[in-house]
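A.B. asks: Only the shape, not the letters, is given here:
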Ligand SMILES: [Zn+2]
């Protein structure tokens, strides 16, 4: 039988390189902009661009539940990729009044698909930092690791590469 294995690394926030500490902190600060009256799960995300720019977003829920958008995709929808503008890393974390745990949060399936599409478009890996409010971080260096057997653009015969 075949199987998937992939590397990941676990850190404490204080063990991360300065640039990544800043990214994770930005994601944590973004949780304050979440609108999560239904789940009480305030998710914040931050994207580190190759030039050092950090973009942030937070989940925005809606009374019509499917209308809500996750923190990660709220950011990704605002990025124009180019040869000079690539995504280096995505960090995601959360806060919730009744859920201050050490369990890192991971992107949902839809966001994994969205991050992977950006990775395919830019032809370079996107690292994903999954964080807990108490400072535990799990990192994968490649978004592909989070979505085995992914559906992708090579499944679509009409796909025409463009940046
Ligand atoms: Zn999501």
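C.D. replies: Received, thanks. Computed from a predicted structure; not experimentally measured.

A.B. asks: what mean pLDDT would you report for stretch 134-154?
C.D. replies: Confidence for stretch 134-154, expressed as mean pLDDT, is 95.

A.B. asks: Stretch 112-131 too?
C.D. replies: For stretch 112-131, mean pLDDT is 96.

A.B. asks: now stretch 57-68
C.D. replies: In this model, stretch 57-68 has a mean pLDDT of 98.

A.B. asks: Name the surrounding residues that touch that stretch.
C.D. replies: Outside stretch 57-68, the residues that touch it by Cβ atoms under 8 Å, 6 or more residues apart in numbering are 30-39, 41-46, 69-72, 74-75, 78. No exception for glycine: its C-beta is placed from N, CA and C like everyone else's.

A.B. asks: Mind listing what's buried along stretch 35-49?
C.D. replies: In terms of neighbour count (16 or more other Cβ atoms under 10 Å), stretch 35-49 has its buried residues at 36, 41, 42, 43, 44, 45, 46, 47, 48, 49.

A.B. asks: sorry, back to before: please list which of the contacts of stretch 57-68 also come close to the ion.
C.D. replies: Checking the contacts of stretch 57-68 against the ion by Cβ under 5 Å from the ion, the ones in range are residue 70.

A.B. asks: Okay, and which of the contacts of stretch 57-68 map to strands?
C.D. replies: 42, 43, 44, 45, 46 (DSSP state E).

A.B. asks: closest to the ion among those residues?
C.D. replies: Looking at these and their distance to the ion, the nearest is residue 43, at 7.9 Å (Cβ to the ion).

A.B. asks: for this protein, what spans make up the strands?
C.D. replies: Under the criterion DSSP E, the chain carries strands at the ranges 9-12, 42-49, 54-58, 87-95, 127-131, 136-140.

A.B. asks: Distance to residue 118 added to those strands, as a markdown table?
C.D. replies: Below are the strands of the chain laid out as a markdown table (distance: least, Cβ to Cβ, whole Å):
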| stretch | distance to residue 118 |
| --- | --- |
| strand 9-12 | 22 |
| strand 42-49 | 9 |
| strand 54-58 | 12 |
| strand 87-95 | 6 |
| strand 127-131 | 11 |
| strand 136-140 | 15 |
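
A.B. asks: residues contacting the residue most central in space within the chain?
C.D. replies: The centre of the chain sits closest to residue 90, judged by Cα atoms, centre = their mean, with a distance of 4.3 Å. Residue 90 makes contact with 45-48, 72, 75, 107, 115, 126-129, 143 under the criterion Cβ under 8 Å, 6+ apart.
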